[in-house]
Structure formats: C-alpha cells, structure tokens
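A.B. asks: Next come a sequence and a model predicted from it.
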Amino acid sequence: MVLRKIQIKNNIDMALLKEEGNYTHVVAIDFGTGASGYGIAPKVLDPSQKPKIEVFNPCDESDDQKTPTAILFDNAFKFIAFGSQALTKYAEILDDGGSALLFQTYKMHLLHMDKNAMSADGRELALMTVISQTLKFIAQKAMDKLTEQVGKVVPTKIRWLLTVPALWSEEHKQFMRKAAIEAGIIDALDSQQLLLCLEPEGASIQCREDSEESLRSQLVKPKVVMVLDCGGGTVDITVHRLLCGLSERFLCEELLPSSGGCEWGSKFVDQYFEKFLQELFGAELYATYSKNAMARLDILKHFEMLKRKFCPGVEERTRLQLSYLGEDLTSQKLGELLAEYNKKHP
Ligand SMILES: Nc1ncnc2c1ncn2[C@@H]1O[C@H](COP(=O)(O)OP(=O)(O)OP(=O)(O)O)[C@@H](O)[C@H]1O
Ligand SMILES: [Mg+2]
C-alpha cells in the first residue's frame, strides 16, 4: 500500500518500513476527535496498480461517512456502545432518568497526556481504557466486514494502520501502540503488524490520488506542498517536499516540523452553536433543551448536516429544525425569541 513508503520520523516505524510483511489486507483505522471510521484495502500485488480502498462507517452499513467518536460505558464501567449508537443510547438512558458514562473528544485528552478521560456527567475513566475500547470496537467491525468479504481471515495476515496527528510526540504514539495491544490488535509494542500514519501525510496522499490530472501533474518532485489538515479537534500544518514522479508512489520529506493548534478544530464551531442557542433560548428554555437529551441530539445532528452543506460566499437560506423540542418551543414562542434576538443583534 502507498502509505508504506512515507518517511516517518519514528524509529519503530522506520524499522518496520524495511520489512515487506506477508499480509493480505491493510485495515486502516481513522481515530478522529470528532468522528472515526475504517478502511480496507487488499494488498497491491502489482506496484503499478492503484490500491482499491473501501471506507466504512463502523456503525452504519448504509453510510460511508465516519461515525461520531463517542463511547458509552455503564455505571460499572462496562462497554455499552460506540459511535452514533452510543449517542442514541445515552440520550435514551437520560430520558428514562438513568445515567451512564459518555465520552466524546477524548482524543484531545491524549494531547495533554491526561491520565483520565472525563464523561459528559463529569466522571473519570482511564484514558487507556476509553481509547483501547474504541480501537477494539472499530477493529472488530473491520474484521467482521473483511470476513464477510473474503470468508476466512487470518488475523496475522492483516497489516493495521492507525492515524495520528503530526503534532503528536513519540510518547503519544507509544500510547496508541499500547492501546492497540489492549484492543487485541497487536501483541507487542514493536509489532510489525501496526503502522502509524501521520494524518497530514495521509491527507496529502488522498489529495494527490483524488486530484484531477492537471493538478496531479503538478504534484511531483521537487514541489513543496503545505497541507492544512482541519479536523474536529486539531488543525495540523505540515510542509512537505514531494520526492515522487508522476507515476511513482507517494514519497515526501517533511521540510518543517509540524505545527498547528488543538484549539482550532471544528468542534469549536459546535460549541459556539450551543452558545448561540443559549442566548437565543434564554436560561429557562436552554435548561429544558439541555435536559431533553434526545431533542438535543437531533438538533445537533441537524446542525452537523447544515454545517457540512455550508458554502461560504453563497447566499442561501438555511432552516434549522428546532421542532424536536415539541411543545416546549411553539412557533409563536420561537417568533418572539427570534424578534428579541434580532433586536439585540441588528
Ligand atoms: N464539508 C464540510 N464542511 C464543513 N465542516 C465539515 C465538513 N466535513 C466535515 N466537517 C467538520 O469537520 C469535523 C470533523 O472533521 P474530521 O472528521 O476530519 O475530524 P476528526 O478526524 O474527527 O478530527 P481530528 O482529525 O482533528 O482528530 C466535524 O466537526 C465536521 O462537522
Ligand atoms: Mg481526522
């Protein structure tokens, strides 16, 4: 697979790159701050061939988008669900008056090397448990899918690939390798079966693969490209010099150390959206909204859809569905709230 040729400044991975493993498939897990998914590609036998990569949503067979990175444990810290299923289940539990531990955006905890992740209701659980259970769930889904596709799968013949932000240190990468061991993906820290892929390098490959011929022909040595990888939690900025010709596999060198920020991701857009709702609704209705877990989930899902459709510079009316709040927000009340809001923000 192309990713094998990337120069990675990680001693373990550098050593691995020299080894051409005896694997049949590459399974890549994209563990993101906001959303996660996986991809499967059979090993490319002929180097002139393009890898055939299929991407999957671990929670929804009919969707090829990633699923929200959210994981749910019961009050005895037992895993309940992951992804969109975790969000729905959690909302149901809350609406039934129960409690559970829902974790989101925990990838950002790793950036600070926090020992624990914090649940939505303020309880703590070891970050290693939360992340390894995440990997375990996605890896199991990938194994199920691969088994469905090819019949019997020999686990030792899978090369696993895990995405990591370029900003992460060796310590962060070691943490992910340990989490992969706990998840049952590999059995040793230096296992040749797992490669870590720097996210902007993965993005760079993808852009090159997907670009039109006129652009692709420019993405050749010795061009320098800057990759801005705008994720949910972090924005990674990387500057590469391409070392590959037009028909060669991707190869680059990093010209500058990766930089970026962990306060720039689009999760903050979501947070500002809820701040906006808080002001629009006022304290009483916002408290109702916060308590109505299912309605809140549906409204946030709808906002996510609108956000993805947003096109800067195009004047377009957008309708945000708030009717999930039912009788707590009648159209008359909404009209009054909007008039009040618009008066404050002419
Ligand atoms: N077309 C789009 N327009 C605007 N925002 C988008 C679009 N597609 C995705 N996003 C936003 O980008 C964010 C997620 O991006 P992505 O899935 O790349 O990040 P991630 O992998 O979860 O995070 P990270 O890579 O930082 O760990 C989400 O908040 C999503 O709403
Ligand atoms: Mg990502």
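C.D. replies: Alright, I've got the coordinates. Numbering: from 1, shown residues only. Ligands and ions are numbered 1, 2, ... in the order given.
A.B. asks: Up against ligand 2, what does the stretch 201-346 of the chain have?
C.D. replies: residue 231 (C-beta under 5 Å from the ion). For every residue, glycine as well, the C-beta is placed using N, CA and C.
A.B. asks: Not counting sequence-adjacent ones, nearest residue to the closest residue to ligand 2 within the stretch 201-346 of the chain?
C.D. replies: Going by C-beta to the ion, ligand 2 is nearest to residue 231 of the stretch 201-346 of the chain, at 4.1 Å. Spatial nearest neighbour of residue 231, excluding adjacent residues (C-beta to C-beta, 6 or more residues apart in numbering): residue 265 at 5.3 Å.
A.B. asks: go on, residue 333?
C.D. replies: residue 285 (7.9 Å).
A.B. asks: Would you confirm that that neighbour contacts residue 329?
C.D. replies: Yes - proximity of residue 285 to residue 329 meets the contact threshold set by C-beta atoms under 8 Å, at 6.6 Å.
A.B. asks: per-residue confidence at the spatially closest residue to residue 72 that is not a sequence neighbour?
C.D. replies: Leaving aside its chain neighbours, residue 72 sits nearest to residue 86 (3.9 Å; criterion: C-beta to C-beta, 6+ apart). On pLDDT, residue 86 comes in at 97.
A.B. asks: ok, residue 86 - contacts?
C.D. replies: Residue 86 is in contact with 68, 70, 71, 72, 80, 102, counting by C-beta atoms under 8 Å, 6 or more residues apart in numbering.
A.B. asks: Output the residue ranges of the helices in this structure, listed in chain order.
C.D. replies: Assigned by DSSP state H, the helices in the chain fall at 11-17, 84-95, 107-111, 127-150, 170-182, 199-210, 213-216, 267-291, 293-309, 331-344.
A.B. asks: Quickly list the domain ranges of the chain.
C.D. replies: Here the domain parsing of the chain from automatic domain parsing is 8-219, 266-344.
A.B. asks: Quick check: which of the ones you listed is buried the most?
C.D. replies: domain 8-219 (a mean of 17; mean count of other C-beta atoms under 10 Å).
A.B. asks: and the gap between whatever residue of the chain ends up closest to ligand 2 and residue 220?
C.D. replies: Using C-beta to the ion, the closest approach of the chain to ligand 2 is made by residue 32 at 3.6 Å. Residue 32 sits 30 Å away from residue 220, taking C-beta to C-beta, to the nearest Å as the criterion.
A.B. asks: which sections of the stretch 51-200 of the chain are below the confidence cut-off?
C.D. replies: Counting by pLDDT under 70, the stretch 51-200 of the chain shows no low-confidence range.
A.B. asks: I'd like to know which residues of it are adjacent to ligand 1.
C.D. replies: Residues of the stretch 51-200 of the chain lying close to ligand 1 (C-beta under 6 Å from any ligand atom) are 66, 107, 199.
A.B. asks: thinking the last one is in contact with residue 227, fair?
C.D. replies: No - counting by C-beta under 8 Å, residue 199 does not reach residue 227; the two are 9.0 Å apart.
A.B. asks: Mind listing the shared neighbours of these two?
C.D. replies: Shared contacts of residue 199 and residue 227, counting by C-beta under 8 Å, 6+ apart, come down to residue 236.
A.B. asks: How about the stretch 201-346 of the chain: which residue is closest to ligand 1?
C.D. replies: Nearest residue of the stretch 201-346 of the chain to ligand 1: residue 231, at 2.1 Å (C-beta to the nearest ligand atom).
A.B. asks: Need phi/psi at that residue.
C.D. replies: Main-chain dihedrals, residue 231, degrees, to the nearest 10: phi -100, psi -170.
A.B. asks: Number of residues surrounding it?
C.D. replies: Applying other C-beta atoms under 10 Å, we find 23 residues neighbouring residue 231.
A.B. asks: gap between it and residue 199?
C.D. replies: 7 Å.
A.B. asks: in the sheet, who's paired with residue 238?
C.D. replies: Per DSSP bridges, the residues bridged to residue 238 are residue 227.
A.B. asks: switch to numbering from 722
C.D. replies: In the new numbering, first residue 722, that becomes residue 959.
A.B. asks: Contact partners for it?
C.D. replies: Contacts of residue 959 (C-beta under 8 Å, 6+ apart): 887, 919, 921, 922, 925, 947, 948, 950, 975, 977, 979.
A.B. asks: make it 6 Å
C.D. replies: 887, 921, 948, 979 (C-beta atoms under 6 Å, 6 or more residues apart in numbering).
A.B. asks: Over to residue 946?
C.D. replies: residue 961.
A.B. asks: one more time with 10 Å, if that's ok
C.D. replies: 921, 925, 928-929, 939-940, 959-963, 973, 976 (C-beta atoms under 10 Å, 6 or more residues apart in numbering).
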